[in-house]
Each structure stands twice: as structure tokens, then as C-alpha cells.
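Asker: Could you work out the structure for the sequence below:
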Amino acid sequence: MNTPETTSKNLFSQDLIIQALASSPSPTAIYSGEEMVIHFANAGMLALWGKDSSVIGKPLIEAIPELEGQPFLELLHEVWRTGETYSVHEAPAKLVKQGVETLDYFDYEYRALTDNQNKTWCILNTALEVTSRREFILEIKEKEEREDELKEEMAATLEELTASNEELSEIIHQLDQSREYIRAIIEQAPVGIAMLKGPEHIIEIANPAILKIWGHAEKEVIGLPNEVARPELRDQPVTEWLKEVYQTGTQKTNTELTVRLKHKNGLREAIVNSVYQPIFSDRGDITGILMIIEEITEQVLARRKNENDQQMLALAIDAGELATFYYQPETNLFSGNNLLKSWFGLSSEEQLDLSVALEGILPEDRDRVSTAIAKSLEKDSDGHYFIEYKIQNKSDGKVRLLQANGRIFYDNTGHPQSLNGTLRDITEQKKEQERKNDFMGVVSHELKTPLTSLKAYIQLLQRLPEDKRLAKQEDLLEKCLKQADYMNSMISGFLNVSRLDSGQLHIDKKPFDLQTLFSEIEDEVLLSNPAHQFVFKGSGSIFINADRDKISQVLHNLIGNAVKYSPFDTSVTVEYIALDHNQIQISVHDKGIGISEKDQKLIFDRYYRVQDISVKSISGFGIGLYLCKEIIELHKGSVSVFSSKDDGTVFSFMLPIG
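Answerer: The predicted structure is shown next:
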């Protein structure tokens, strides 16, 4: 039985939890296994690492090799083995961002998530970069320590009563200098800093960086309560956060906070990282708030644009069914997307390295590909890589013809850094081109035959003596007409294919009686094909809503094929029957030579002709059945073939009656 509690639990599926983590402003990642495979990292963590989403699915040390020699992997392994959470504040870490090694400080936590047997199944890693905060707080502490030392010196001087008024004035002067020194540090800080005094949050100090972020001049805010000096914060949560920090003494930190700030005569939307730190007196009382703000609007927008560009590129790659590859010549590193892996017979989890890729290339193309890559990396190369070659899937043995197109990327010194590019499967495109070429050869031959006959009949007619010309004229002209009709029929077929390609083959649906159409076709067929036996079967008068001429064309084509590919004096059965679901089935059954299973799968493809050597002498272009299929599908119907070798063939198509 479902209760509100169980329903609520069901709503929090793993997908929703991952979505929530991805939306979190805090850098977050999830690892699993002894190799610490990265199973999840949100945008904050990727930015912190200086990496993109391609590291997901890789072991941590492979994704971030600069961690080698640092304590993080050892700590992760300890958490994995013991299941005990490890957290630390202001820990140093060396990372490579945009090709430059940097030393930053972080608050981070490794939390082990365990199953019912108390065994770790993954580690949740959260982190926060605190480099700027640490540097500032260290400077503040250093100055406070100096101030404390000065105070102690002054107290000692007063207790001993040995110092003169001049010495006391000097100490006070040094103290003032110390305070001015602290103020100078705040003024020159690269991040925005302000000091708010008392429960009304009077703005006592505001450095130029924070004034620029706020959009205010110093004279507009100093000495005024923050809420009064900055009315644009009304209906925004900042004022409530300041009250909460002052009342509780608990620091408030925000990451990638969107806030509306003053800009000229209006407001602008900015993205900031902010820290609101309570200030305590010697007695532990809260006397004010230290506000630290860093504007990251441009960085975040640039990152989001890059993420959007990456998504658009991924969509374009998916839509174009393109495989992508990356090759780093210095390290011999090679990788590709999941589509490329599938072409080589690998799963998405398996690694595609250079040896696997080269092994998958057919032997006759392997050296040619290696040479093409080497030439594209040469100094005098134009930096472009283009080649066509064949690969074989190691799982199913399927051979593909690929077209590779890539470009060399160079470092600052002009040295080749990587070869990036795409691969396109052009197997079917090449087959289509070959079929077209074959088709053009057949067309040339087939058109030449009636033209030669036509020319011969005309020349014969010209050479006949005057007294015999009238007697032979009618017979020769009839033969000429038949050859002209044959050419006209071929040209009509070509035009229909062209109309299909351009979307101009229109279907004019009107109700008509199928029984009447069958009767007309029966009369025509019996008259023009006396060498075969025809059986026409029907189910009485049935009206269908279709293009009468196009359906007649399909039937004539199927009957014509049955006549061409079956011996003389064999039967051809043409039949229509009504089916359930408001459909009708029309079939043509011959007793001919049959069609192989291989040819049946391709028989309706454009330009395809049966490969059986016994039918090579029979004329045809490979467009008749293709047109039949397209016409039936334009009627929302379907066409099929059933055949066995030397036992005849049945071509059937189904149409909706309504």
C-alpha cells in the first residue's frame, strides 16, 4: 500500500538526485571503484579542475594526471576501505588549468556512501576553492598579530612608566600606521571587500573593487546603512542574509549567485561569489560583518556559452551520424566517441586506443592511413587530413567504408599538438553511386537498342522500291511505333523517379471500384500477352480511395515482371481480397524462376537488379519495383515479396480502403 511517505521516497529517484547535484552551485563529484572512476561531476567541479565533461567515465588519475604525487588518491583509497568520511579545510592542491599549473587552496570532503553490508559503493566529493579567502584572512591575521604586539608593547610601556610622552606618541602613531596599512591592503585587494558596522550594517569601509561591482561612488555609501545606501537590494535576499549572519555569528557563503545591481540609471544582472563573515570583538561580541565579493559574470557566461556550443556541436554530430576522433602525436593518445567505438565493435565503456583503431582498418588500407596521418603532421603540411578507407567490426565482421576529415591543431611554437576530426560512414553512399553508374550503363544500352531498331526500320522503308513501299509501310511503321512507345515508357519511368526525388510525384485520391479496374487490366493483359495463362480473382465490387492511374501503373509493372521472369505457358494469378482493419490486399503470383533471399531484401531499392546470372539478358533498370513501393507508401500502404528459388514469386501490397 502506498503511503504519502513511500510516494515521496519514490519521487526521489537516482536521476532526480543526480539532476539536483548537477544544479548545485557547489563543486560536486562522485567516484567509484579502487581506480576512482569519475561517474559524475557537475559544472562547478569541472571548472575547478579546469576540465570538460570528457573526463567523466575515466579514472581520476587519468582524467587529472597532475594529481600524481599529491595525497588525494591515497586519502580516497583510505575512505573507500574504511568507509570513514574525510574532510579538510584550506588544503593545497596543484591543478593544470588552460595549460598552466596553479596552486590553490580548498575546503573539501570525501564522504563514503555504503550499502546494507556497510561496504563502500561510491564516494561523494564536495569542494570549495578558498584561495582568495585564505590569503585575505592570513593578511588580516598577520595585521591583527602586529596590532596585538603593538598593544602589548604599549601596555608594557605604561606598566613600567618608563616611557616618555614622545615614546607613547610614537607607539600611537605606529598603531595608526598599522590601521592605515590594513586599510591599504583592503583598498588594493583584487576582490570586493566592505566592512559593515553594527546591527544596522553601517558601511565603514568599501574598497574600489566592491564599489565598481555595486555601481556606486564611495560618497554615496560610506556612513550609511547598507539597506539605505543600496535600495536596489530591496526584494533580494542579501539584506536578510546580513541580519542572519549578525544574529547567529555564522558565516554565509554563496557560489555563482545571481543578483541585480545598480548600473547607470537602471539595474544589471550580475553573477558573484560572496562571503559574509561575522567580525568578533576581543570579548567575543559580534561588532560587524566583513563582506567579500568576487564578480564572475563574464567567466560564467563564457563557460555557459562554451557548454551551449558543445551541446550544439554534439547535436550536429549526432544529427549527421558523425564519429569523432582525437589523436595526440606526442603521447600517441587516441580516442573517439561512442559511435566510433560501435563501428569498431566496442561498447561505450571500453577504451579505444590507437592499436585497436589500426587493427580494425583493413590490411590493404592500413599503411595508406598511417602515411596520410604522418603527412598531415609534417612541417610543410597545410594542416588538413582527408582520406577514405575501410574498417571491419571485430564483433559482427561488418565492413564499412569511412571518410575521414580532420585538422591539425598547433601549440604556441607551431608544433603539432593534436589531430581532431570526424568520420562519416559512406558505405551506402558508395553503393548508391555504383548502382547509379550501373544504371546509366544499362540506360545507355537499353535506349540504344530501340533507337537502332527504329533507325533500321526507317532505312529499310527508305530503300524499298516504290512498288513495294506501300505494302510494307504499315508493318514497318507499326514496329517503329512500338519502339517509340518502349522508349516513351522508359522515359516516363525516369521522370517518375525524378519527381519522387523532388517531391513532385502527387497522388490524386478519388473513390473508384477496384473490380472495374481489374476487369480493364485483365482485358489489356490477355490481349498483349498470349504466351501466358492469366487468372484474375476478385472479391466483388470494392470501392477504395486511391489514385486509380497510379494503382493501375503498379499492377501493370508487377504483371509485366511476372511475364518477363516466368517461362511461356505458365500461369500468372492476379488477386485482390478484403482484410480486417479496413484494408485490402492485392497480389501477383507467378510460376517463374524465383528470387533469392539476399535479393529479396534489396529488390525494392532504387537501381537494384537481381544478381542471378540467368536473368542478366532480361532488360530492366531497377526502378520499376522502387516506384511501386514509393507509390504504395504514398497511399499509406505497404508492399512485400515472398519467393523461393524455382518455385515462383508473390508480390503483394496492402492499401487502406477508406
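
Asker: so E90 is in which element?
Answerer: Per DSSP states H and E: E90 is located in strand 86-97.

Asker: what packs against the helix or strand following that strand?
Answerer: As assigned by DSSP H and E, the chain's next helix or strand after strand 86-97 is strand 100-114. Applying 3 or more C-beta pairs under 8 Å, 6 or more residues apart in numbering; DSSP states H and E, one finds that strand 100-114 contacts helix 72-82, strand 86-97, strand 120-129, helix 131-160. C-beta coordinates here come from the backbone N, C-alpha and C atoms, glycine included.

Asker: So which of the ones you listed is the most surrounded?
Answerer: strand 120-129 (a mean of 19; mean count of other C-beta atoms under 10 Å).

Asker: same for it, what does it pack against?
Answerer: Looks like strand 120-129 contacts strand 28-32, helix 43-49, helix 72-82, strand 100-114 (3+ C-beta pairs under 8 Å, 6+ apart).

Asker: Please state the offset of that strand from the chain centre?
Answerer: Distance of strand 120-129 from the chain centroid (C-alpha atoms, centre = their mean, to the nearest Å) equals 28 Å.

Asker: Can you say which of the helices and strands packed on strand 100-114 is nearest to Q188?
Answerer: Proximity to Q188, assessed across those by C-beta to C-beta, is greatest for helix 131-160 (10.7 Å).

Asker: got the angle between the closest one and strand 100-114?
Answerer: 100 degrees (axes from the mean of the first three to the mean of the last three C-alpha atoms, to 10 degrees).

Asker: Quick one: closest of the helices and strands packed on strand 100-114 to G560.
Answerer: Comparing these by C-beta to C-beta, strand 120-129 comes nearest, at 67.5 Å.

Asker: Just want the angle from that closest one to helix 72-82.
Answerer: Using the same axes, to 10 degrees: strand 120-129 against helix 72-82 is 140 degrees.

Asker: low-confidence ranges in the stretch 151-300 of the chain?
Answerer: 154, 157-179, 181 (pLDDT under 70).

Asker: Show me where it has its strands.
Answerer: For the stretch 151-300 of the chain, the strands defined by DSSP state E, counting those that start in this stretch occupy 192-197, 202-206, 252-263, 266-280, 286-295.

Asker: So what are the sheet partners of the first one and their directions?
Answerer: Okay, so that is strand 192-197. Applying DSSP bridges to the sheet, strand 192-197 is found paired with strand 202-206 (antiparallel), strand 286-295 (antiparallel).

Asker: quick check, distance from the first one to the centre of its chain.
Answerer: Spelled out, it's strand 202-206. For strand 202-206 - counting by C-alpha atoms, centre = their mean - the centre lies 50 Å from the chain centre.

Asker: Turn the helices and strands packed on strand 120-129 into CSV, including distance to T413.
Answerer: Conversion of the helices and strands packed on strand 120-129 to CSV gives the following (distance: least, C-beta to C-beta, whole Å):
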stretch, distance to T413
strand 28-32, 34
helix 43-49, 26
helix 72-82, 32
strand 100-114, 16
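
Asker: and L233, which of the ones you listed is closest to it?
Answerer: helix 43-49 (25.2 Å).

Asker: For the closest one, output the C-alpha coordinates as PDB.
Answerer: C-alpha atoms of helix 43-49 as PDB (Å, rounded to 0.1, in the frame of the first residue of the first chain):
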ATOM      1  CA  ALA A  43      29.900  22.200 -13.900                       C
ATOM      2  CA  GLY A  44      31.400  23.600 -10.700                       C
ATOM      3  CA  MET A  45      33.700  20.700 -10.200                       C
ATOM      4  CA  LEU A  46      34.700  20.600 -13.900                       C
ATOM      5  CA  ALA A  47      35.500  24.300 -13.700                       C
ATOM      6  CA  LEU A  48      37.500  23.800 -10.500                       C
ATOM      7  CA  TRP A  49      39.500  21.000 -12.200                       C
END
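
Asker: tell me the pLDDT at I551?
Answerer: Reported pLDDT at I551 in the predicted model: 90.

Asker: Now name the helix or strand holding the closest residue to it other than its chain neighbours.
Answerer: Among residues not flanking I551 along the chain, L517 sits closest, at 6.9 Å (C-beta to C-beta, 6 or more residues apart in numbering). In this assignment (DSSP H and E), L517 forms part of helix 514-528.

Asker: For the next helix-or-strand element following that helix, which strands pair with it and how are they oriented?
Answerer: Next helix or strand after helix 514-528 toward the C-terminus (DSSP H and E): strand 533-537. When pairing is defined by DSSP bridges, strand 533-537 lines up against strand 571-579 (parallel).

Asker: Which residues outside the strand it pairs with are in contact with it?
Answerer: With contacts defined as C-beta atoms under 8 Å, 6 or more residues apart in numbering, strand 571-579 is touched by 514, 518, 521-522, 525, 532-539, 542, 555, 559, 562-563, 566, 584-591, 654, 657.

Asker: Could you measure from D148 over to A155?
Answerer: 10 Å (C-beta to C-beta, to the nearest Å).

Asker: Near S566, how many other residues are there?
Answerer: 19 (other C-beta atoms under 10 Å).

Asker: Report the secondary structure state of it.
Answerer: coil (DSSP: H, G, I helix; E, B strand; the rest coil).
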